[in-house]
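Enquirer: Below: sequence and its predicted model.
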Amino acid sequence: MNLDYSAEYLAYQEEVRAFLAGNWPPKGDADRADQVRDFRLKAIDQGYLYRGIPRRFGGSEQQADPLKARIITEEFIAARAPREIEGNGISRVVPTLLQWGSEWQKEKFIPPAIHGDHIWCQGYSEPGAGSDLASLRTRAELVGDEWVINGQKVWTSRAHLAQYMFALVRTEPDEPRHAGISYLLLDMNQPGIEVRRLRQITGGASFNEVFFTDAKTPADWIVGERGKGWEVSRTTLKFERNQLGGPEQGRELYRKTVGLAKRTSRNGVQAIKDPEVRQWLVALEGFVLSSYWSGQYQFSKDAKGESAGALEYMNKFVTMHTIGLEVARIVNELIGDDSLLLASSVAHGTGQDTGEDSAVSRHPSKAVGNERWVNQVLGSLAATMGGGTSNIQRNIIAERGLGLPRDDQPGETK
Amino acid sequence: MDLLPTEEQVQIVDSVVDVLTTEFPRERHRGQGNECTEPDKAAMQKIAELGWYSLGLEPELGGLGYGLPEEALLFTEVGRHLGPVPALGAVLGARVASRGGQEALVGSILAGDTRVGLAVIEDPSMDCHRPMQGQFRVLGARGCDYVVFLGRDSAALLEITPDMALAERGCIDATVSLGNLDLAGAHPTFAVSDNDRALYHQAVILTSAMLVGVGEAARDMAVEYAKVREQFGKPIGAFQAVRHPCAEAAVRVDAARAQLWFAAVCADQGRSDAGFQAAASASLAIDAAHRNCQTNIQVHGAIGGTDEHDAHLLLKRSHLLASLFGNLDMHLSDALAAPLE
């Protein structure tokens, strides 16, 4: 056990810092999106981003080195520099294509995705298929050289912005549940697709319903074989799996909560001086720190090529459920009757529409005054649902992490 | 000793439910985003004519002569149906006005001609006789003529004049209009002492009543959904991860409802433990409403976090009511400090 970097890695750290000092924040008044894009291309060129993706698909093709990956993450976060695009579209479709896609699919789709030129959305959940995703019913039928798709998806983040969707659809209606599903790519800009925005309880609207009425996609836009979509969709990024993002953001949220306690008062004194507030904050800090050190532990296991076991499945639960809900509770106490105000950014209809699923990893919106924290309170409730409910997270910890028997799932073929 | 509603009380509830479901159905708030859906003056006057404001007031003051238990039953339904919060401003405003001997004002409030906004009281120890200083949030601010302030030991009505800065702001619960009232030493129009805290207890109990209604509505919504929503080939209510939270929601709100009725009777009879019972009622009701609303959203999954469904409206209403007259911590402190019978 040792928390220090060796000389070799300290030198690498210096190199990353020098790169960041010279390139971020960008100079000049060019369009922000262009600046971010240029920065990412330079960082890829230096081998700092998309290290597991081959050069020919737009990545930097580096040898796996978890310590370097960690230094990069730490330094990029510290410099507030753009990191890899993580919107669920990109972080899911790119590893999937790398593992299962054909050469032309990789060449066509990966470079514009990781450079930020194309936005993807994920077509998984349906009105009747939430936690029980394998019961999905959106159908695709091969007619000539095209798939014809009919049905509906829901909770589709960024569908209103996306050029492409990767979707799970039923192509083999006679096969049992999982075996009837295929993984298709499709172009969102076509008459057979209708996107309807859904408004969240914060007033923001980052997700949608998507209706398919004879929507079409070429026969070879399937990833993997027919009926193998379930397996294909389980692909996750194994390369330099990074456990720092969530815990680091948890620490940032904690710092902001402490800042709020310094700016607000409780029982006639500065809130941070109130014994009860101090107890809450210390307990919260305990969760945040243990989540951070757990991340470091998982990282160390990963660096040795070992599994951290059940811990790997706990990160989301701890970040969203334990920390997210507790921050919301404390904040609600601290801001007093400001919590009754609608955050003004929402009142004016812009919302805090970052398009990301997680509320806890997102900075409070830029509304003036304490009411901006109201979205933290409301968002924390939604965050325990997005990307798998807390109950599903508990199941994953119990089954994959602890080896408990699977919950009763009729029709399950495994 | 009988803690069951009488036949007459049941009839009152039925008539209130009838009005709420026909004139103010919960669905009217749905899908309105952040547009304020508070009923206008004409709609509120209908409520006034039905006697909601005069229900608990003595007949010699123009009231119907019922008491706090009947009012608590009424406001439970207001909470359950996400009915108009300004009704509480009118009831409390009329009561304060009657204490202050303002007969004409009482009559005007009972008729719905004069509208009373509710000041959110962050610090119940405020002395309402003193000039008012600072920023207050007012519920039912749109078009209100007076604002009622209720501390533990005193209460006041403040007439809103054109020179006062009452600026409407979006409220997190868009079913209620909220105003920022910036006061620089304004003298209350009149203030009354509340040495037995009867006014304060009434305010706390009726707020608790609305919270109990919200908590019961959330329980019912969650349970109904758990019965019909199917995943993995059966209703989700068959899974312990869903049914147990539903059962806990039922236990929580049933305790809160029982305590509410008991507190209402205690306060109505002027028992010495009325303060304890009111504070206990508030703390149980805040907890039950808030947690049941969370359970309801969790049971509904993603749909519960959207504007398409009423689950978020209940959550926001519970959030609003939880800090109307002090917060949970203060009610617990009050309970600790209060004498027992």
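Expert: That came in fine, so what should we check first?
Enquirer: C-alpha from now on. contacts and neighbour counts both.
Expert: Fine.
Enquirer: what's the neighbour count on the nearest residue to A:Trp24 once chain neighbours are set aside?
Expert: With C-alpha to C-alpha, 6 or more residues apart in numbering or on different chains as the criterion, A:Trp24 has its nearest non-adjacent residue at 6.3 Å, and that residue is A:Ala81. Counted with other C-alpha atoms under 10 Å in any protein chain shown, the neighbours of A:Ala81 add up to 18.
Enquirer: again, but for B:Pro86
Expert: Residues lying near B:Pro86 (other C-alpha under 10 Å) number 23.
Enquirer: contacting residues around the spatially closest residue to it that is not a sequence neighbour?
Expert: By the measure of C-alpha to C-alpha, 6+ apart, the closest residue to B:Pro86 outside its immediate chain neighbours is B:Gly140, 5.0 Å from it. By C-alpha atoms under 8 Å, 6 or more residues apart in numbering or on different chains, the contact set of B:Gly140 is B:Glu38, B:Val85, B:Pro86, B:Gly89, B:Val116, B:Gly117, B:Leu118, B:Val176, B:Ser177, B:Leu178, B:Gly179.
Enquirer: same thing but at 6 Å, please
Expert: Contacts of B:Gly140 were listed using C-alpha atoms under 6 Å, 6 or more residues apart in numbering or on different chains, and they are B:Pro86, B:Gly117, B:Ser177.
Enquirer: Quick check: chain neighbours aside, which residue is closest to B:Leu150?
Expert: Distances taken as C-alpha to C-alpha, 6+ apart put B:Tyr200 closest to B:Leu150, at 6.2 Å, once the chain neighbours are dropped.
Enquirer: Quick check, that neighbour in contact with B:Asp153.
Expert: No. At 7.4 Å, B:Tyr200 does not count as touching B:Asp153 under the criterion of C-alpha atoms under 6 Å.
Enquirer: Between those two, tell me which one has more neighbours.
Expert: Remark: of B:Tyr200 and B:Asp153, B:Tyr200 carries more neighbours, 24 against 19, as counted by other C-alpha under 10 Å.
Enquirer: Tell me how far that one lies from chain A.
Expert: Going from B:Tyr200 to chain A by C-alpha to the nearest C-alpha, to the nearest Å gives 19 Å.
Enquirer: Now do the SS call for that residue.
Expert: Secondary structure assignment for B:Tyr200 (DSSP: H, G, I helix; E, B strand; the rest coil): helix.
Enquirer: Against B:His309, how distant is it?
Expert: Per C-alpha to C-alpha, to the nearest Å, B:Tyr200 is found 34 Å from B:His309.
Enquirer: how about whichever strand or helix holds A:Gly22: buried residues?
Expert: A:Gly22 is located in helix A:7-23, with elements delineated by DSSP states H and E. Across helix A:7-23, burial judged by 16 or more other C-alpha atoms under 10 Å in any protein chain shown covers A:Tyr12, A:Gln13, A:Val16, A:Arg17, A:Leu20, A:Asn23.
Enquirer: tell me which of those residues is nearest to A:Gln296?
Expert: A:Gln296 lies nearest to A:Gln13 out of the buried residues of helix A:7-23, by C-alpha to C-alpha, at 17.4 Å.
Enquirer: which one is that closest one nearest to, not counting chain neighbours?
Expert: Nearest to A:Gln13 is A:Ile71, by C-alpha to C-alpha, 6+ apart, at 6.2 Å.
Enquirer: What is the neighbour count of that neighbour?
Expert: Counted with other C-alpha under 10 Å, the neighbours of A:Ile71 add up to 20.
Enquirer: Are stretch B:274-288 and chain A in contact anywhere?
Expert: No. Judged by C-alpha under 6 Å from any C-alpha of the partner chain, stretch B:274-288 stays clear of chain A, getting no closer than 12.5 Å.
Enquirer: Identify all contacting residues around that stretch.
Expert: With contacts defined as C-alpha under 6 Å, 6+ apart, stretch B:274-288 is touched by B:205, B:208, B:211-212, B:215, B:252-253, B:256, B:259-260, B:263, B:266-267, B:322, B:328, B:331, B:335, B:338.
Enquirer: The chain: strands as residue ranges?
Expert: The chain I'm using is chain A. Assigned by DSSP state E, the strands in chain A fall at A:120-123, A:139-143, A:146-157, A:164-170, A:181-187, A:193-198, A:207-218, A:222-223, A:265-266, A:269-270.
Enquirer: if you could check chain B rather than the one you did, that'd help
Expert: Counting by DSSP E, the strands of chain B are B:116-119, B:132-139, B:146-150, B:154-159, B:165-169, B:178-186, B:190-193, B:230-231, B:234-235.
Enquirer: what is the rounded mean pLDDT of the last one?
Expert: Taken as a whole, strand B:234-235 has an average pLDDT of 94.
Enquirer: same deal with the second one?
Expert: Mean pLDDT, strand B:132-139: 92.
Enquirer: Measure how buried A:Glu252 is and give me the count.
Expert: So A:Glu252, with other C-alpha under 10 Å, has 15 neighbours.
Enquirer: which one of the strands of chain A has the lowest average pLDDT?
Expert: Here the lowest mean pLDDT among those goes to strand A:265-266, at a mean of 87.
Enquirer: Strand partners (parallel or antiparallel) of that strand?
Expert: Partners of strand A:265-266 in the sheet, by DSSP bridges, are strand A:269-270 (antiparallel).
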